[in-house]
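Peer 1: next comes the sequence, and after it the predicted model I'd like to discuss.
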Amino acid sequence: MKRNSDTVQIGSVVFLLGSFLLCRYVFFSIHGMKEWPVILFVVGCLCLGYSILTGKNRLSLSSAIGYPISFLVGILFQSDGTDAGGGTTNNLWLIWAVSYIVVIVFGFALELRKSRKVR
C-alpha cells in the first residue's frame, strides 16, 4: 500500500509541475499573468507538501488536478470589464483562484470523510 501512495504522491508533484509550466509559459498569451500562476502553484505545492507529510492521497490529487481544471474554469467563465477610471479589467484571476481553493477544500473534505469512516 505504501508503494501505491508513493506513486500517487510523485505523480501529483509531476502533474502539478507540468500543469504550472503549461499554464504559466505555454498559455501565457491567453491570460497574460506572470505572478498569479506562480502564486497558485505555491499554494498547490504547500498543499502537496502537507499531503505528502501526512499521507493524504486524495488531497494531493485534488491539489494537482485542481490547478489545470480551475484554469480551464477561469478561461471558460472569465469576463472583461471597465473600471471607474476607464481601464480594462478581467476576472480570470479571481475565478481561477476561487475554483482552485474549492477543489482543494473538496480534497480536504474527502480526507476527513475517509478518516471518519476508518474510525
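Peer 2: Cool, the structure landed. Numbers count the residues shown, from 1 in each chain.

Peer 1: for residue 56, what are its contacts?
Peer 2: 50, 107, 111 (CB atoms under 8 Å, 6 or more residues apart in numbering). All C-beta atoms are positioned from the backbone trio N, CA, C, and that covers glycine.

Peer 1: now with 7 Å, please.
Peer 2: Neighbouring residues of residue 56 by CB atoms under 7 Å, 6 or more residues apart in numbering: residue 111.

Peer 1: that one and residue 64: what is the separation?
Peer 2: Noted for residue 56: a distance of 12 Å to residue 64, by CB to CB, to the nearest Å.

Peer 1: now do the buried residues in whichever helix or strand residue 72 is part of.
Peer 2: Assigning secondary structure by DSSP states H and E places residue 72 in helix 57-77. In terms of neighbour count (16 or more other CB atoms under 10 Å), helix 57-77 has its buried residues at 57-68, 70-71, 73-74.

Peer 1: check the offset of the helix ranked longest in the chain from the chain's centre.
Peer 2: If you go by DSSP state H, the chain has its longest helix at helix 92-118. Relative to the centre of its chain, helix 92-118 is centred 10 Å away, using CA atoms, centre = their mean, to the nearest Å.

Peer 1: and it, which residues are buried?
Peer 2: Along helix 92-118, these residues count as buried under the neighbour rule (16+ other CB under 10 Å): 92-93, 95-97, 99-100, 103-104, 107-108, 110-111.

Peer 1: understood, closing this out.
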